[in-house]
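Chemist: model the following, please.
(2 chains)
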Amino acid sequence: MITVINQFLSTKSFDTRAVLRVLLVLVGLSALAAVLSGGVFLQPRNLVNLVLQNAGLIIVTLGQFLVIVLAGIDLSVGAVMAVSSVLVVLFQDYGLVGSFAVALAGSLVFGLVNGSLVTFVRLPAFVVTLASMQIGYSVSKILSDAAGSRGGTVYTGLGGAEIPQGFTDFFKDSYWGVPAPLFVCVLFLILVALYLRTSPGHFAFATGGNERAAFLSGVPVWVVKMAVYIISSLLAGVAGILFVSRVGLGDPQAGTWIALDSIAAASIGGASLSGGLGTVAGTFIGVVILGVLNNIMNLLGVPVTMQPAVKGMVILLAVYLNSSRRQN
Amino acid sequence: MTGLKHLNRILEWVGSNSALAALLVLFVVASAFVPNFFGERNFVAILYQYSIIGFLALGQLLVILTAGIDLSQGSLVAFTSIVVAVLMNRYGVFPAIAGGLAASTFLGVISGLIVSRTRIPPFVVTLGMLGVGRGLALVISDAKPVSVDVEAFTNFGRANLGGVPVSAILLVLVSLLLLYFVKYRRLGRHIYAVGGSEESARLSGVDVKKVKLLVYALSGLLTAIGGVIWTARLHSGSPIGANNYELESIAAVIVGGGSLFGGVGTVTGTLVGVVLFGVINSVLNLVGISPYWQGTVKGVLILLAVALSQVRRPSRLR
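Modeler: Got it, this is the predicted structure:
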């Protein structure tokens, strides 16, 4: 039996084996969760909840994954999500599409600034995005303050327009038994997978693996890097839109833990923080594993206050395993 | 001709002491135009608030000198404050302070062990420690502030010698000690060696692992001193406060002439950076800029600071 498995694995590529390995972890954790909860975990309602709770995280993590492939990191995703959520609500007077456009334009600015500073000024990504995270949370509070909400949550547009009922219903809708947000997630999964088939997407791996070698081989390194930081911010903006759809308000404090969670999920999914490694499928499974882990912690009654500490340790473990894999 | 020579010399000095030059200009301008800026009360307020950041910045400096970074400082301040507050209400002042210092240093040692023994990047290790420190603070305190009513301790938060806060005097003493250590002790010189080139340092017989372990442990200890003072000032331990303090300490080190790529930076420069941020903060408050704007202003300043640090380093790609 084992030789059959080994034979099967040896014919597969490095990436496929990596995905199979995280899939194995997911199956193991799910089995554990199923046993711990006496089967409740596997009930459709719980699985649907799992997707709904993590829809935003999946989309953010796709962007984080691309940045990590470049050996970078984006700590500003949570703040961009907050800015986007506030913008969507404040610009309701321009209609749903108009408000989406404003929110994505705001996110784009963050992507451009992050990308330019990392690409052209050659600053370390984590410092740039740490600073833009602070700026983002500050900007979202300024916006909320300008709307008269004193830095708190916002509920209506600047002109008083309400958030349409249909928009908030969308998050709870389901088609053919599948929750609507899952369709959005799958859409972006496919888009990012397709992006990696284009030349700037494909070159992201080369640039992340060895930037100098990629540059000398004629890879337009600056295009590759700018594109990835812009995509990461735009996806965070989309997550902000989904956030409004889920809770029906804009929150300047939204996405507090999402930077940490998305880095954890991408690392668990096999992306190496030293760059050049990772898969879209692995990233998706990484988010689901993190979701299941949260589920298990709740089942075991781990206090909410303890969960960041557990997550911190999970990140360390995942990064450690990936860094030793890189050496071989 | 001689006038030009003088101008050149002034420009050279400004180039190599940009933080001090900025501080002097800002100080003069603020004294002239910002009401209530120039005066003992405001200066004492700045010293009270920023001596805490000063301790963090000294720890951050040591870590940054080795091309590392410590993102866990803010959460370690909160963690220390909770440990100190809980112990103080049970065992008294000195066991509490000792316990707080030991607990935070212990977490620093763990970061140091992981950084020096594995290939995990320092910012990931300390980002993980940020989660651990904050989580432990929340668990120990049950997510509620723990008040301290030992007067001997809370008085220390307001204590001063001839008008100068004791915490600032303590900061100067620790800075002098550190200055001596990094300038004249073998181990201190090794910190610069590791940051300049880890490989050369290793080949020259420097115990790189020991140096790295040391700087993270010292960062934990110095952060804890800041945490103890913070607790005394607040009259309580807070599990959710001191967010993003590490950002200010990183910015102070970089503005003070340090480089995130290691090997460059001084104790005096870092102190100038801390005072500069203290003055900026004070001016922002006195001018009446809304607190919502302050994150943006500080974030932009940090970006400018690291961009400056990049100027000090040759480009690698081309």
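Chemist: element containing the closest residue to chain B within the stretch 101-250 of chain A, please.
Modeler: Per CB to the nearest CB, A:S138 is where the stretch 101-250 of chain A lies closest to chain B, at 2.8 Å. Quick note: C-beta positions are derived from backbone N, CA and C, even for glycine. A:S138 is part of helix A:125-146, with elements assigned from DSSP states H and E.
Chemist: what's the neighbour count on the residue of the stretch 101-250 of chain A closest to chain B?
Modeler: 25 (other CB atoms under 10 Å in any protein chain shown).
Chemist: give me the residue ranges of the chain where confidence is low.
Modeler: Let's take chain A. Chain A contains residues with pLDDT under 70 at A:1-2, A:5, A:8-12, A:322-328.
Chemist: was after chain B, sorry
Modeler: The model of chain B has pLDDT under 70 over residues B:1-2, B:11-16, B:309-318.
Chemist: middle-most residue in it, spatially?
Modeler: Centroid-nearest residue in chain B, with CA atoms, centre = their mean: B:A57, separated by 1.6 Å.
Chemist: I'd say that one and B:L247 touch.
Modeler: No. Applying CB atoms under 8 Å, one finds B:A57 not in contact with B:L247, separated by 11.1 Å.
Chemist: still on that earlier bit, does the residue of the stretch 101-250 of chain A closest to chain B really touch B:I289, like I thought?
Modeler: No. A:S138 is not in contact with B:I289 according to CB under 8 Å; the separation is 11.2 Å.
Chemist: what is in contact with these two at once?
Modeler: Shared contacts of A:S138 and B:I289, defined by CB atoms under 8 Å, 6 or more residues apart in numbering or on different chains, are absent.
Chemist: give me every residue that touches B:A232.
Modeler: Each residue near B:A232 by CB under 8 Å, 6+ apart is listed here: B:148, B:153-154, B:156-157.
Chemist: hmm, 7 Å instead?
Modeler: For B:A232, the contact set (CB atoms under 7 Å, 6 or more residues apart in numbering or on different chains) comprises B:153-154, B:156-157.
Chemist: for A:N49, same thing?
Modeler: Contact analysis of A:N49 by CB under 7 Å, 6+ apart lists nothing.
Chemist: need the residues of chain A near chain B, please.
Modeler: By CB under 7 Å from any CB of the partner chain, the residues of chain A that approach chain B are A:117, A:121-124, A:126-128, A:130-132, A:134-135, A:137-139, A:141-142, A:145, A:151, A:211-212, A:215, A:260, A:273, A:303, A:305-306, A:308-309, A:311-313, A:315-316, A:319-320, A:323.
Chemist: try it again with 6 Å
Modeler: Contact residues (CB under 6 Å from any CB of the partner chain) of chain A with chain B: A:121, A:123-124, A:126-127, A:131, A:134-135, A:137-138, A:141-142, A:145, A:151, A:215, A:273, A:305-306, A:308-309, A:311-312, A:315-316, A:319-320, A:323.
Chemist: which bits of chain B sit near chain A?
Modeler: B:118-121, B:123-124, B:128, B:131-132, B:134-135, B:138-139, B:143, B:260, B:292, B:295-296, B:299, B:302-303, B:306-307, B:310, B:317.
Chemist: burial check on residue 241, number of neighbours?
Modeler: In the absence of a named chain, this looks at chain A. 24.
Chemist: the chain in question should be chain B.
Modeler: Using other CB under 10 Å, B:G241 has 17 neighbouring residues.
Chemist: what are the boundaries of the helices in chain B?
Modeler: B:2-16, B:18-33, B:40-65, B:73-91, B:93-117, B:122-141, B:151-158, B:166-184, B:186-196, B:198-203, B:208-234, B:245-255, B:267-287, B:291-311 (DSSP state H).
Chemist: got the buried residues for the shortest one?
Modeler: Within helix B:198-203, the residues that qualify as buried are B:198, B:201, counting by 16 or more other CB atoms under 10 Å in any protein chain shown.
Chemist: quick check: buried residues in stretch A:84-102?
Modeler: A:84-92, A:94, A:99-100, A:102.
Chemist: next: stretch B:34-54.
Modeler: B:34, B:37, B:42-43, B:46-54.
Chemist: contacting residues for the residue of the stretch 201-318 of chain B found nearest chain A?
Modeler: Closest contact between the stretch 201-318 of chain B and chain A, by CB to the nearest CB, is at B:G295 (2.8 Å). Shown in contact with B:G295 (CB atoms under 6 Å, 6 or more residues apart in numbering or on different chains): A:134, A:137-138.
Chemist: can you list these in CSV and add distance to A:V69?
Modeler: Formatted as CSV, those follow (distance: CB to CB, whole Å):
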residue, distance to A:V69
A:Q134, 25
A:Y137, 26
A:S138, 29
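Chemist: quick revisit: just give the nearest non-adjacent residue to the residue of the stretch 201-318 of chain B closest to chain A, would you?
Modeler: Excluding the flanking residues, the one nearest B:G295 by CB to CB, 6 or more residues apart in numbering or on different chains is A:S138, at 2.8 Å.
Chemist: can you verify my assumption that that neighbour contacts B:T296?
Modeler: Yes. Under the contact definition of CB atoms under 6 Å, A:S138 touches B:T296, with a separation of 4.2 Å.
Chemist: now the strands for the stretch 151-300 of chain A?
Modeler: Secondary structure of the stretch 151-300 of chain A, counting by DSSP state E, counting those that start in this stretch: strands at A:174-175, A:178-179.
Chemist: tell me which of those is the most buried.
Modeler: Among those, strand A:178-179 has the highest mean neighbour count (mean count of other CB atoms under 10 Å in any protein chain shown), at a mean of 16.
Chemist: list the helices and strands it packs on?
Modeler: helix A:44-69 (3 or more CB pairs under 6 Å, 6 or more residues apart in numbering or on different chains; DSSP states H and E).
Chemist: that older thread, and the helices of chain B as TSV, adding distance to A:V184?
Modeler: Formatted as TSV, those follow (distance: least, CB to CB, whole Å):
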stretch	distance to A:V184
helix B:2-16	52
helix B:18-33	48
helix B:40-65	41
helix B:73-91	34
helix B:93-117	38
helix B:122-141	29
helix B:151-158	51
helix B:166-184	52
helix B:186-196	46
helix B:198-203	45
helix B:208-234	42
helix B:245-255	33
helix B:267-287	41
helix B:291-311	30
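Chemist: and stretch B:91-98, what's buried?
Modeler: Result for stretch B:91-98 [16+ other CB under 10 Å]: buried residues B:96-97.
Chemist: let me redo that: stretch B:210-223
Modeler: B:211-223.
Chemist: and stretch A:139-157, how far apart are its ends?
Modeler: Chord length of stretch A:139-157, first to last residue, is 17 Å (CA to CA, to the nearest Å).
Chemist: so how far is that stretch from its chain's centroid?
Modeler: Centroid displacement of stretch A:139-157 relative to its chain, using CA atoms, centre = their mean, to the nearest Å, is 25 Å.
Chemist: any idea how far B:V84 lies from B:D149?
Modeler: Separation of B:V84 from B:D149 (CB to CB, to the nearest Å): 13 Å.
Chemist: again with A:A18
Modeler: Distance, A:A18 to B:D149, by CB to CB: 56 Å.
Chemist: between these two, which is the more surrounded one?
Modeler: For A:A18 versus B:D149, neighbours defined as other CB under 10 Å are more numerous around A:A18 (22 against 10).
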